[in-house]
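Undergrad: Here is a sequence together with a model predicted from it:
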Amino acid sequence: MAGYFIPDSLRHANANSRSNTHSRGTPGHGAGNHNFGDAPPTRANNPGYPLWHASPRKARTRHEPARSLCGICGCPRTSARIHGEVPLHEQDLPRSLRSSAAIIGPGLIGGSLALALRKRTPLENIHVWARPASLERTRRALPDCLVTGDLQEAVQGASVVILCCPVRAMGTLARDMADAIDPNAIVTDAGSVKVPVLETLGPIFGERFIGAHPMAGSERSGIDAASPDLFEGATCILTPAPRAPEPPLRRVREFWESVGCRTIQLGASEHDFLVALASHLPHAVASALAEALGQADPSARAIAGKGLRDTTRIAAGPASMWTEIFLDNRENLLAALKNFRGALDQLEGLLAEGRQDALEDFLSRAGDVRRSLE
């Protein structure tokens, strides 16, 4: 969203702004204090501090009802089919990017999300809730965000709330902040397991909650490992409840896409089954390999090369977090481990029998699968 400028006066800080209307002769708008000049606005040369559309990006073509509301200030206006280059107030800017975001939990994911929002979107107000022990470190890492230990202060006025905390902590935090969240806000999360999240947060937030899982991470953890580019090109899996309404789903989709994600949609149960294979099993196998290496001759580690380091890299992830993930998705992970054990037994059998051709076929198929991931 680079190139867009949204002044403080249009961020609904003042409820009276809704009574103003636009100029520039837009159909359905009279004269008012949201004008669109020919020069970039400054407080010195334009006391109204108007909205300035500085980007050549073209708005998407869309139809509107005969009478609708301005997406930013809420003024009623009449519009026909809109396409091509238009002022920002007439563009369908995602609602989640119009006001402020509240991030609950500033670890690797939450911290990276705050940095990505600051880098990629026009949001000026990014609130981050952190526990007392990490407040000062989070403030140093996110100097352009409001970092607070007060949960209700963090979510107040936010148009989107994102829970980036451990799955088992979400229920308590959600109940503590539910009453302080704006009734028009959407709520999403970044948890690695979705059935427990949906069962916990669905009854608290209702239809405005849309689960999400950005498939992005690192063996490093905490706010110090955060990166504004963590989500660039990553897949974010949306897991709405059955019969979830389209408006909150669209807003959550646009939110995650705004930080660089590619979104897909799955049911919560299907997500947990597939993620057990694609994410949780690899971590379990890497951990088992590292454990086996630890029990072997220590000299083996002294001669280890890049291959072993690459294969076991993710085993260095935070043990407490992965313990919860494994247990929360236990049944699916057990099934995935059973399938893996079958492949391992097959490999062991081919070696024991000395079947060269079959062993080569096994390794060739495995190589094809690996190359398909590129």
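TA: Yep, that arrived.
Undergrad: Excluding chain neighbours, what is closest to the residue positioned nearest the centre of the chain?
TA: The centroid of the chain falls nearest to Trp256 when counting by Cα atoms, centre = their mean (4.8 Å). Counting by Cβ to Cβ, 6 or more residues apart in numbering, Trp256 lies nearest to Cys236, which is 4.3 Å off, once chain neighbours are set aside. Every residue, glycine included, has its C-beta placed from N, CA and C.
Undergrad: which residues does that neighbour contact?
TA: Contact analysis of Cys236 by Cβ atoms under 8 Å, 6 or more residues apart in numbering lists Ala212, His213, Pro214, Met215, Trp256, Glu257, Cys261, Arg262, Thr263, Ile264.
Undergrad: Longest helix in the protein, please.
TA: In the chain, with assignment by DSSP state H, the single longest helix is helix 330-353.
Undergrad: PyMOL command for the buried members of the contacts of Cys236?
TA: Those of those that count as buried under 16 or more other Cβ atoms under 10 Å are selected in PyMOL with:
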select buried, resi 212+213+214+215+256+261+263
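Undergrad: Let's see which of the contacts of Cys236 end up in helices.
TA: Short answer: the contacts of Cys236 in helices (DSSP H) are Trp256, Glu257.
Undergrad: Let me have the contacts of Cys236 in JSON lines, adding distance to Ser227 as columns.
TA: As requested, these are exported to JSON lines (distance: Cβ to Cβ, whole Å):
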{"residue": "Ala212", "distance to Ser227": "19"}
{"residue": "His213", "distance to Ser227": "18"}
{"residue": "Pro214", "distance to Ser227": "13"}
{"residue": "Met215", "distance to Ser227": "15"}
{"residue": "Trp256", "distance to Ser227": "16"}
{"residue": "Glu257", "distance to Ser227": "18"}
{"residue": "Cys261", "distance to Ser227": "14"}
{"residue": "Arg262", "distance to Ser227": "18"}
{"residue": "Thr263", "distance to Ser227": "20"}
{"residue": "Ile264", "distance to Ser227": "23"}
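Undergrad: Mind putting the contacts of Cys236 into a markdown table with pLDDT and distance to Ile204?
TA: Shown next, in a markdown table, are those (pLDDT from 0 to 100; distance: Cβ to Cβ, whole Å):
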| residue | pLDDT | distance to Ile204 |
| --- | --- | --- |
| Ala212 | 98 | 16 |
| His213 | 97 | 19 |
| Pro214 | 96 | 22 |
| Met215 | 94 | 25 |
| Trp256 | 96 | 21 |
| Glu257 | 95 | 25 |
| Cys261 | 96 | 25 |
| Arg262 | 95 | 29 |
| Thr263 | 97 | 23 |
| Ile264 | 97 | 25 |
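Undergrad: Distance check, the residue nearest to the centre of the chain against Ile162.
TA: Separation of Trp256 from Ile162 (Cβ to Cβ, to the nearest Å) stands at 9 Å.
Undergrad: One more: Ser287?
TA: Noted for Ser287: a distance of 28 Å to Ile162, by Cβ to Cβ.
Undergrad: list the contacts for the residue nearest to the centre of the chain?
TA: Thr188, Ala212, Pro214, Phe231, Cys236, Leu238, Thr263.
Undergrad: make it 7 Å
TA: By Cβ atoms under 7 Å, 6 or more residues apart in numbering, the contact set of Trp256 is Ala212, Pro214, Cys236, Thr263.
Undergrad: which ones among those are found in strands?
TA: With strands defined by DSSP state E, the entries of the contacts of Trp256 inside them are Ala212, Pro214, Cys236, Thr263.
Undergrad: Assign Val161 to helix, strand or coil.
TA: strand (DSSP: H, G, I helix; E, B strand; the rest coil).
Undergrad: who's it bridged to?
TA: Beta-bridge pairing of Val161 under DSSP bridges involves Ala102, Val187.
Undergrad: wait, what's in contact with it?
TA: Ala102, Ile104, Val155, Ile181, Ala185, Val187.
Undergrad: okay, it: pLDDT?
TA: We have a pLDDT of 97 for Val161.
Undergrad: ditto for Asp144
TA: For Asp144, pLDDT reads 88.
Undergrad: ditto for Gly317
TA: So, for Gly317, pLDDT stands at 89.
Undergrad: Would you mind measuring from it to Gln156?
TA: Counting by Cβ to Cβ - Gly317 and Gln156 are separated by 33 Å.
Undergrad: Distance from the chain centre to stretch 100-110, please.
TA: Distance of stretch 100-110 from the chain centroid (Cα atoms, centre = their mean, to the nearest Å) equals 9 Å.
Undergrad: sorry, back to before: of all pairs in the contacts of Trp256, which one is the farthest apart?
TA: Pro214 and Thr263 (9.3 Å; Cβ to Cβ).
Undergrad: Please convert the contacts of Trp256 to TSV, extending it with distance to Ala358.
TA: Converted to TSV, the contacts of Trp256 look like this (distance: Cβ to Cβ, whole Å):
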residue	distance to Ala358
Ala212	43
Pro214	40
Cys236	40
Thr263	41
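Undergrad: gap between the residue nearest to Trp256 and Glu324?
TA: Counting by Cβ to Cβ, the gap from Cys236 to Glu324 is 21 Å.
Undergrad: and the chain, what are its domains?
TA: 1-87, 95-266, 272-372 (automatic domain parsing).
Undergrad: For Leu359, list the residues it contacts.
TA: By Cβ under 7 Å, 6+ apart, the contact set of Leu359 is Leu350, Leu351.
Undergrad: Which residues outside stretch 184-192 are in contact with it?
TA: 96, 109, 158-164, 167, 170, 197, 201, 205, 208-214, 248, 251-252, 255, 275, 325.
Undergrad: Please pick the buried ones from those residues.
TA: Of the contacts of stretch 184-192, these count as buried by 16+ other Cβ under 10 Å: 96, 109, 158-164, 167, 170, 197, 201, 205, 208-214, 248, 251-252, 255, 275, 325.
Undergrad: Help me confirm that Glu257 comes into contact with Thr263.
TA: Yes: using Cβ atoms under 7 Å, Glu257 makes contact with Thr263 at a distance of 5.9 Å.
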